[in-house]
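**Student:** Sequence below, structure please.
(chains A and B)
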Amino acid sequence: KAGVTQTPRYLIKTRGQQVTLSCSPISGHRSVSWYQQTPGQGLQFLFEYFSETQRNKGNFPGRFSGRQFSNSRSEMNVSTLELGDSALYLCASSSNNEQFFGPGTRLTVL
Amino acid sequence: AQSVTQLDSHVSVSEGTPVLLRCNYSSSYSPSLFWYVQHPNKGLQLLLKYTSAATLVKGINGFEAEFKKSETSFHLTKPSAHMSDAAEYFCGASNTGGFKTIFGAGTRLFVKA
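**Tutor:** Down below sits the predicted model:
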């Protein structure tokens, strides 16, 4: 089976812009979770989608949003980017109490 | 509230010696517990998981972890370190009701030749 894929792998944006990241889960997996990883805050849970519905949400501002499509692919969007949003964004595809992580999207906000 | 504490930010061992990475958790319920490894510029790879079955869990690459409810610990061990084990390790916990994993701050493992 193909693993979790995330696109793009690298992004450079400027403050105030918005960005959309994409995640394609492992075939058959219906749950997709998103995490933000920074040197200062570590790995933080953003949200989880299951069958196109948000099932869990972390403590991030409303500028961070996501959605899931009928084929389980997921996107997350960050609006009005801030310097502090620079991070590695990881997507995880889940089944049978296991999460499989993608390689991440490295977002740099200038 | 759920929390995970990794007691060491850095651990340094010599190749061929045992590895011990410590993790404590706090949870209102019996959580599922995980250890992941992250190599530079890579995503997280699952090493092992505990989900209320056997308290001693064996994972990949010779790693294992023991769930101790009385100590709220889930320490990761390996009898003999290899150079390729050098990486960052994350302990995580999640409750039922979806895949929301709370991670510790990570432990960087250095392996000396």
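**Student:** By mean pLDDT, flag the weakest helix or strand of chain A.
**Tutor:** Least confident element among the helices and strands of chain A, by mean pLDDT, DSSP states H and E: strand A:98-101 (a mean of 89).
**Student:** what packs against the helix or strand just after that strand?
**Tutor:** On the C-terminal side of strand A:98-101, the closest following helix or strand by DSSP states H and E is strand A:105-109. In this structure, strand A:105-109 makes packing contacts with strand A:10-13, strand A:19-24, strand A:87-95, judged by 3 or more CB pairs under 8 Å, 6 or more residues apart in numbering or on different chains; DSSP states H and E. Heads up, the C-betas are built off the backbone N, CA and C, glycines and all.
**Student:** Out of the ones you listed, which is the most enclosed?
**Tutor:** When the helices and strands packed on strand A:105-109 are scored by mean count of other CB atoms under 10 Å in any protein chain shown, the highest mean neighbour count falls to strand A:87-95 (a mean of 23).
**Student:** can you list contacts of it?
**Tutor:** A:4, A:6, A:21, A:23, A:25-26, A:28-38, A:43, A:46, A:48, A:72, A:74, A:76, A:99-102, A:104-107, B:43-44, B:99, B:101 (CB atoms under 8 Å, 6 or more residues apart in numbering or on different chains).
**Student:** Now with 7 Å, please.
**Tutor:** If you take CB atoms under 7 Å, 6 or more residues apart in numbering or on different chains as the criterion, strand A:87-95 is touched by A:4, A:6, A:21, A:23, A:25-26, A:28-29, A:31-38, A:74, A:76, A:99-102, A:104-107, B:43-44, B:99.
**Student:** how about the nearest residue to the residue sitting nearest the centre point of chain A, chain neighbours excluded?
**Tutor:** The residue lying closest to the centre of chain A (CA atoms, centre = their mean) is A:Trp34, at 3.7 Å. With sequence-adjacent residues excluded and distances taken as CB to CB, 6 or more residues apart in numbering or on different chains, A:Trp34 is closest to A:Leu46, at 4.1 Å.
**Student:** helix, strand or coil for the one you found?
**Tutor:** Under the three-state scheme (DSSP: H, G, I helix; E, B strand; the rest coil), the conformation of A:Leu46 reads as strand.
**Student:** Near chain B, which residues of chain A? Just list them.
**Tutor:** By CB under 7 Å from any CB of the partner chain, the residues of chain A that approach chain B are A:31, A:33, A:42-43, A:45, A:48, A:50, A:55-56, A:90, A:92, A:94, A:97-99, A:101-104.
**Student:** Residue 42: neighbouring residues, count only.
**Tutor:** Because you didn't say which chain, this covers chain A. Counted with other CB atoms under 10 Å in any protein chain shown, the burial measure for A:Gly42 works out to 16 neighbours.
**Student:** that's the other chain; I wanted chain B
**Tutor:** 14.
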